[in-house]
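> Quick one, fold the following:
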Amino acid sequence: MKKLKFQAPTGMHDILLEDQGYFQKIYNACETVLNFYGFQKIDTPILENTALYEKGTGLTSDIVQKQMFTLRTKGGDHLTLRPEFTPGIVRAYLEHGMQSLPQPVKLYSTGPVFRYEHPQAGRFRQFNQLNVEIIGDDNPVLDAQTIQIFYNILSELKIKNLIVEINSIGDNQCRPYYKKLLVSYFKSRDASLCADCRRRLKENPLRILDCEEEKCQRIVSQAPQLIDHLCEECHSHFKGVLEFLDETELPYRLNPYLVRGLDYYTKTAFEIFTEVPKKTEGEPLLKRALVGGGRYDGLIKLLGGEETKAVGGAMGIERVVSIMKSKEMKGVKSATATIFLAQLGTMAKRKSLKLLEDFRKVKIQVAESFGKDSLKAQLRMADKLEARYTLLLGQKESLDGTIIIRDMKTGKQETIRLERIVKEMQRRLKSKR
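Next up is the predicted model:
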């Protein structure tokens, strides 16, 4: 087979017809749950100033160091395709004076994000996320509610075996001391760390805890735990979050080595996984991360605002689609037509065009194939679409002002006046319910 000249860029993918129903089902569930909790939708530009992510996400983060798609415009501006939503939403919050609104402000976004990843199964360079933010309050109940919202969305989609992992990563009061402990621990073992973690040891030792390399994970499993070194405020906040989760009876487990890959997180960090069986029978279950998030109390001030508390999270849409497909779940079905409109001749086509609009106005779905002239081909299409009725409009009917109704199950036909057809089909469809 000849290779096509143009294909989707490496690591980017088309969302084809058969997958659109899954995406629609996920977005419907997100909207239903988030509307209940009082969230409002915000859309921010796909391109933002590069400095926003360098300052907000953090110069030492993998996103900024390795994964950003950055360009320079003809005017000399440095712009970046958004690798995540939060800095752009905070920028909009500050730019448009949302701090004057009743607090907290509850916002959500959906859409594509871009990261220069090594393409592999379930990991793309362009992918879609649901992003949820609660800005303007530091109450631990909001951390718990954020987790609950994502858990409820996944439950609404019938995704089972969900696990919430949670940790506290402290703040600028207690984290510096913990970092010193980590550096001391890892320095004596740096020869066994991967190249990335040796770099992280100098720049941001917390990120070593997030490394997926097996040899690094073995070393991390014996490292000091931040939860043992929290200041009084962080300890109290984390205790409050866990108590609220207990109250909602949400299943969770503590993971003392859970950190987030973004520099702005403070206090609560969480991830939600689902467990899926490996392909070989008897092997242990695999964890698939679907949601990640936490509290980021310092980001608004870092980006030029007053000190403002906030918490949020993001869900990978493609990952959820993958789980739904692996479990053979169904997406949203496209609207199917129970009526097919077949026409023969130019005059019939003209009248059919008007008739189709009459059906649209009363919200009756009608299929057609205006490009086909053969009645046989049109009837074949009506059969394929499993239409209950076919309306036949030819040259004679157009001149007479009539139309033929064919019952596709019984084969019976009836001719009626064209001006009566919409009301007649409304009546017939209603009686078949």
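
> Double-check that residue 19 belongs to a strand.
No. Counting by DSSP: H, G, I helix; E, B strand; the rest coil, residue 19 falls outside a strand, being helix.

> For it, list the residues it contacts.
321, 331 (Cβ atoms under 8 Å, 6 or more residues apart in numbering). C-betas here are computed from N, CA, C, even on glycine.

> when you give positions from now on, start the count at 3
From this message on, residue numbering opens at 3, which makes the last subject residue 21.

> Could you measure from it over to residue 208?
According to Cβ to Cβ, to the nearest Å, residue 21 and residue 208 sit 37 Å apart.

> is it fair to say residue 389 lies in a strand?
No. Counting by three-state DSSP, residue 389 is not found in a strand; it is coil.

> Can you verify my assumption that residue 110 contacts residue 131?
No. Counting by Cβ atoms under 8 Å, residue 110 stays clear of residue 131, with 10.4 Å between them.

> any weak-confidence spans in the stretch 253-402 of the chain?
Along the stretch 253-402 of the chain, the parts satisfying pLDDT under 70 run over 263-265, 279-287, 336-337.

> now the helices: where do they sit in the stretch 53-202 of the chain?
Remark: helices assigned in the stretch 53-202 of the chain by DSSP state H, counting those that start in this stretch are 64, 88-97, 142-158, 177-189, 197-205.

> so which of those gets nearest residue 375?
Minimum separation from residue 375 across those (Cβ to Cβ) falls at helix 142-158, 47.0 Å.

> Mind listing what's buried along that closest one?
Across helix 142-158, burial judged by 16 or more other Cβ atoms under 10 Å covers 142, 144-156.

> One more: stretch 186-197?
Residues 187-188, 191, 195 are the ones in stretch 186-197 that count as buried (16+ other Cβ under 10 Å).

> would you put the C-alpha positions of that stretch in PDB?
Provided in PDB are the C-alpha atoms of stretch 186-197 (Å, rounded to 0.1, in the frame of the first residue of the first chain):
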ATOM      1  CA  SER A 186      21.100  13.900  52.300                       C
ATOM      2  CA  TYR A 187      19.400  10.500  51.800                       C
ATOM      3  CA  PHE A 188      19.700  10.500  48.000                       C
ATOM      4  CA  LYS A 189      23.200  11.900  47.800                       C
ATOM      5  CA  SER A 190      24.600   8.700  49.400                       C
ATOM      6  CA  ARG A 191      22.800   6.700  46.800                       C
ATOM      7  CA  ASP A 192      23.100   9.000  43.700                       C
ATOM      8  CA  ALA A 193      25.200   6.400  41.700                       C
ATOM      9  CA  SER A 194      22.100   4.200  41.700                       C
ATOM     10  CA  LEU A 195      19.700   6.900  40.400                       C
ATOM     11  CA  CYS A 196      18.800   7.400  36.800                       C
ATOM     12  CA  ALA A 197      20.300  10.400  34.900                       C
END
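
> who touches it?
Contacting residues not belonging to stretch 186-197 are listed as 199-200, 203, 207, 210, 213, 215, 217-218, 221, 225-226 [Cβ under 8 Å, 6+ apart].

> In TSV: the residues you listed, plus pLDDT.
Converted to TSV, the contacts of stretch 186-197 look like this (pLDDT from 0 to 100):
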residue	pLDDT
199	89
200	89
203	86
207	85
210	88
213	85
215	87
217	88
218	89
221	90
225	89
226	89
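
> just those now: which is nearest residue 43?
Relative to residue 43, the closest of the contacts of stretch 186-197 is residue 213; by Cβ to Cβ it sits at 35.3 Å.

> Just give the nearest non-adjacent residue to residue 87, would you?
residue 133 (3.7 Å; Cβ to Cβ, 6 or more residues apart in numbering).

> For that neighbour, list each beta-bridge partner.
Legend: beta-bridge partners of residue 133 under DSSP bridges are residue 111, residue 316.

> And the pLDDT for it?
pLDDT, residue 133: 98.

> picking that back up, out of the buried residues of stretch 186-197, who's nearest residue 231?
Distance ranking of the buried residues of stretch 186-197 against residue 231, using Cβ to Cβ, places residue 187 first at 12.4 Å.

> quick one: common contacting residues for residue 110 and residue 131?
Joint contacts of residue 110 and residue 131 (Cβ under 8 Å, 6+ apart) do not exist.

> Ok, which of the helices of the stretch 53-202 of the chain comes nearest residue 426?
Per Cβ to Cβ, nearest to residue 426 of the helices of the stretch 53-202 of the chain: helix 142-158, 39.7 Å.

> Give me the helices and strands touching the closest one, please.
In terms of contacts (3 or more Cβ pairs under 8 Å, 6 or more residues apart in numbering; DSSP states H and E), helix 142-158 is packed against helix 19-38, strand 128-137, strand 164-170, helix 234-250, strand 268-278, strand 288-297, strand 312-318.

> and the second one, what other elements does it pack with?
If contacts are counted by 3+ Cβ pairs under 8 Å, 6+ apart, strand 128-137 sits against helix 19-38, helix 88-97, strand 107-116, helix 142-158, strand 312-318, helix 319-328.

> Could you save those as JSON lines and add columns showing distance to residue 358?
As requested, those are exported to JSON lines (distance: least, Cβ to Cβ, whole Å):
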{"stretch": "helix 19-38", "distance to residue 358": "22"}
{"stretch": "helix 88-97", "distance to residue 358": "42"}
{"stretch": "strand 107-116", "distance to residue 358": "32"}
{"stretch": "helix 142-158", "distance to residue 358": "36"}
{"stretch": "strand 312-318", "distance to residue 358": "39"}
{"stretch": "helix 319-328", "distance to residue 358": "33"}
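
> Single out the most deeply packed of the ones you listed.
Mean neighbour count (mean count of other Cβ atoms under 10 Å) peaks for strand 312-318 among the helices and strands packed on strand 128-137, with a mean of 24.

> mind checking the end-to-end distance for stretch 204-218?
Stretch 204-218 has an end-to-end distance of 16 Å (criterion: Cα to Cα, to the nearest Å).

> Contacts for it, please.
Stretch 204-218 has contacts (Cβ under 8 Å, 6+ apart) with 60, 62-64, 171, 177, 181, 184-185, 188, 194-196, 198-199, 202-203, 219, 222, 225, 259-263, 265.

> burial measure for the nearest residue to residue 175 once chain neighbours are set aside, as a count.
Counting by Cβ to Cβ, 6+ apart, residue 175 lies nearest to residue 233, which is 4.5 Å off, once chain neighbours are set aside. Counted with other Cβ atoms under 10 Å, the neighbours of residue 233 add up to 15.

> Would you mind confirming that residue 233 is in contact with residue 174?
No. Counting by Cβ under 8 Å, residue 233 stays clear of residue 174, with 9.7 Å between them.

> Now for these two: what residues contact both?
Common contacts of residue 233 and residue 174 (Cβ under 8 Å, 6+ apart): none found.
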